[in-house]
Every structure is written in C-alpha cells, then in structure tokens.
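J.: Here is my input; please provide its structure:
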Amino acid sequence: MNNENESEGRNEEVSSEKSGEKDDTEGNESNKDVDWSPSFEKIIDIRSQLLNPMLDNIASNEKYLEMALSGYQLMEQNNEIIRKTLIDPFQPMIEHVSSLRIPDPLERMEDLLSDGLNEILRDVDYLLKSQVDNFWCLDMDVVDAIKDEIVSINDLAGYVDRNLEEYVETIANDPIYELHSSTIQESYKAYRAGYYKISIFPLLSACEHVIASWFDGNINKNEINIKVKPKSRLYTRMKQELPNVEGQEEEATFLKGVSSIFANNLMRMFFKLFVSTSERLSKQLNRHSILHGFHDYDSITREQALQLFQLLKSTLIIKDIDFDQISEETQ
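T.: Numbers count the residues shown, from 1 in each chain. Sure thing, here's the model as predicted:
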C-alpha cells in the first residue's frame with residue numbers, strides 16, 4: 001500500500017511541473033505582443049506639449065512690448081506739444097524772473113535776529129565796561145544774574161561773597177590755576193577770617209601768571225601749559241599788542257563772538273590793574289604798588305578782595321579764545 005501512495009505522489013509532482021511549464025510558455029507569448037520602444041510621433045507630441053505654451057507666452061509678451069512702446073511714443077508727442085504751447089511762449093519771462101534777486105525770508109529773519117543779538121551784546125559790553133571803572137571784571141554768570149534781576153549792580157560784593165565758596169572750588173580745580181590751587185584756597189581761608197590784606201597777594205600773583213601764559217601762547221583752546229615761565233615785561237609787551245583796548249568801543253569787535261567781548265573786557269581790567277603807579281601811595285587795587293611794597297595797605301577793603309576773586313573767575317574765559325584772536329580784532 002505504501003508503494004501505491006509513493007507512485008501517486010510522483011505522478012502529482014510530474015503533473016505540476018508540466019502545468020508550470022505551460023504557464024511560462026503562455027507568459028512569454030503575451031510579452032512578445034508589447035512594443036517598448038517610443039515612437040517618433042510620441043516624441044513630437046511631448047515636445048509640442050512642452051514648447052507651445054512657452055511660444056504663446058513669448059508672443060503675448062511681444063504684444064505687451066509693442067503696446068508699451070506705442071504708449072511711450074504717444075507720451076513723447078504730448079510732451080512736445082506741451083513744451084511748444086505752454087513753456088516756450090513764457091521762456092523769456094521765466095529767464096527774466098530767474099535773473100531777479102528775491103529776498104529770502106529766512107535770510108531776512110536771520111538779519112533781524114542778528115540785529116537783535118547785536119543790540120543785546122552792545123548792552124552787555126556797556127555794562128562790562130562801566131563796571132571795570134569800579135574794578136569789577138564781570139563774567140557771563142554775573143551778567144546773567146544782573147539781567148535776570150537776581151542781583152543788582154549795587155550788591156555785587158554781596159553776591160560774590162554769598163557764592164565765594166563755589167567760586168573758589170571752581171577756580172582752584174581749574175587746570176589754568178594748577179600752580180596756585182593751594183594758595184587760592186588759603187586766600188579764601190584768610191578772607192573768611194577777615195585778613196583781607198593777606199588774602200589779596202596770592203590772588204594777584206595767580207592772575208598775573210595765567211594772563212602772561214595766555215599772552216605767550218601757553219594757554220589756548222588746544223593746550224594748557226602753565227609750567228613754562230612767562231617772558232618778562234608783560235604790561236609793556238601787551239600794551240604794544242593792544243594799544244587801543246582800554247578806551248576801545250566794541251562796535252568793531254562785538255560781532256565776532258560773545259567770548260571776545262568778555263576777553264576784551266578782561267584786557268581792560270588788566271591794564272587798569274597793572275598800570276604803573278604814581279609817586280604817591282596808592283589806595284586803589286594795583287599790582288605794582290601792592291606787590292612792590294609801595295601801597296597804602298590800611299586802605300585795602302573786603303570789597304577789593306572780592307573783586308580779585310571775581311577777576312580770577314572771569315579769567316577762565318581765556319581757555320575759550322586765543323590771545324592772537326583778540327589782537328587781530330583790536331587792530
């Protein structure tokens with residue numbers, strides 16, 4: 001019985017193999033009917049599908065370009081018509097009007113402001129000059145205080161005394177007074193203690209040195225070098241450079257700037273303070289008589305000490321303007 005089963009199994013395998021061979025044969029016969037090579041007509045068709053839209057776009061753009069060119073030409077024609085009808089007939093009038101000088105409103109306003117400022121500066125210079133006669137050399141801060149009615153001219157001594165601590169701090173810490181910082185502070189202590197005679201000596205020395213350094217060019221807008229010894233005969237040399245400054249009317253120089261007004265006034269004060277003394281004892285502030293020992297020292301007052309403190313503060317203006325500029329303006 002086993003032999004019969006084995007025989008049946010072999011017969012089924014042989015039958016399956018023959019069936020498989022038949023299927024393969026049928027598959028091969030169906031593949032022979034398909035042509036995989038692309039036809040020339042298909043290539044043409046694909047090319048047309050890709051290129052035709054591009055060609056259509058190019059043609060459309062050409063139409064737009066033609067329309068734009070026509071519009072530009074029409075605009076040029078219109079411009080020519082406008083020029084001939086509206087511009088050319090009025091060209092002589094346009095040229096005539098262009099040749100006329102019409103005042104600039106801003107320029108006129110600037111002139112008015114300049115005139116107003118000049119008037120103010122003339123008043124300031126008159127105030128400065130009148131107070132030099134009383135040995136007060138005012139600076140911008142004091143002038144502002146007078147203009148704002150914070151202080152009256154008759155109370156200048158009181159104003160300086162009330163602000164003296166601030167004055168001394170400003171002066172003693174300024175680079176142009178580096179050599180004299182300690183002596184200025186001790187002068188302040190002597191003043192507060194009531195020793196007015198002692199307080200004025202260091203103040204005169206400090207003032208002389210910084211003005212001499214300015215005159216020699218060692219103090220200017222770009223440099224401060226107070227450790228160079230100034231040349232001698234300061235008053236004589238400065239008088240040669242500024243022969244007219246004492247009685248000078250500032251009409252010719254005030255337009256050159258605010259700083260020059262105060263610097264010129266400082267020179268007025270210098271010549272008043274450093275002038276040579278007479279044969280008699282002087283009671284006025286004078287550098288020569290006080291430092292050379294021929295002075296009525298009992299006449300020195302609290303106000304005179306305050307005037308020298310004010311002078312040192314006013315001298316700070318020399319950092320903002322060179323002496324050469326003052327010399328040129330006063331010629």
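
J.: per-residue confidence at residue 225?
T.: Residue 225 is assigned 89 on the pLDDT scale.

J.: How many residues are close by the residue lying closest to it once chain neighbours are set aside?
T.: Excluding its sequence neighbours, the residue lying closest to residue 225 (C-beta to C-beta, 6 or more residues apart in numbering) is residue 218, at 4.5 Å. From N, CA and C alone the C-beta is placed, and that goes for glycine too. Residues lying near residue 218 (other C-beta atoms under 10 Å) number 18.

J.: show me the contacts for residue 218.
T.: Residue 218 makes contact with 224, 225, 226, 228, 230, according to C-beta atoms under 8 Å, 6 or more residues apart in numbering.

J.: Next, the residue lying closest to the first one once chain neighbours are set aside: phi, psi?
T.: Ranked by C-beta to C-beta, 6+ apart and with sequence neighbours excluded, the top spatial neighbour of residue 224 is residue 175, at 4.8 Å. Taking degrees, to the nearest 10, you get phi -60, psi -30 for the backbone angles of residue 175.

J.: Number of residues surrounding residue 175?
T.: 11.

J.: how much space between it and residue 316?
T.: Distance, residue 175 to residue 316, by C-beta to C-beta, to the nearest Å: 10 Å.

J.: Residue 89 now?
T.: For residue 89, the distance to residue 316 - C-beta to C-beta - is 68 Å.

J.: Surely the residue nearest to residue 224 touches residue 227?
T.: No: Residue 175 lies out of contact with residue 227 (C-beta atoms under 8 Å); the separation is 11.0 Å.

J.: From residue 269, how far off is the residue nearest to residue 224?
T.: Here residue 175 is placed at a distance of 22 Å from residue 269 (C-beta to C-beta).

J.: show me the contacts for the closest residue to residue 174 other than its chain neighbours.
T.: Nearest non-adjacent residue to residue 174, counting by C-beta to C-beta, 6+ apart: residue 316, 6.1 Å away. Counting by C-beta under 8 Å, 6+ apart, residue 316 makes contact with 139, 170, 171, 174, 176.

J.: Could you measure from residue 300 over to residue 171?
T.: 20 Å.

J.: Where in this structure is the helix or strand with the lowest mean pLDDT?
T.: Lowest on mean pLDDT, DSSP states H and E among the helices and strands of the chain sits helix 2-31, with a mean of 46.

J.: next structured bit after the host helix or strand of residue 144?
T.: Applying DSSP states H and E as the criterion places residue 144 in helix 140-147. Downstream of helix 140-147, the first helix or strand assigned by DSSP H and E is helix 156-162.

J.: Report the contact partners of residue 323.
T.: 214, 215, 217, 220, 241.

J.: Residue 233 is in contact with the second one, correct?
T.: Same thing as residue 215. No: using C-beta under 8 Å, residue 215 makes no contact with residue 233, being 11.0 Å away.

J.: and the two? which has more neighbours close in?
T.: Set side by side, residue 215 and residue 233 show more neighbours around residue 215, with 23 against 9, by other C-beta under 10 Å.

J.: tell me the pLDDT at the more buried one?
T.: 85.

J.: show me where pLDDT drops low in the stretch 201-331 of the chain?
T.: 232, 235, 239, 242-256, 327-331 (pLDDT under 70).

J.: returning to what we had before: out of the contacts of residue 323, who's the most crowded?
T.: residue 214 (26 neighbours).

J.: That residue contacts residue 318, correct?
T.: Yes: between residue 214 and residue 318 a contact is recorded at 4.5 Å, counting by C-beta under 8 Å.

J.: Report the mean per-residue pLDDT for the helix holding residue 144.
T.: Taken as a whole, helix 140-147 has an average pLDDT of 93.
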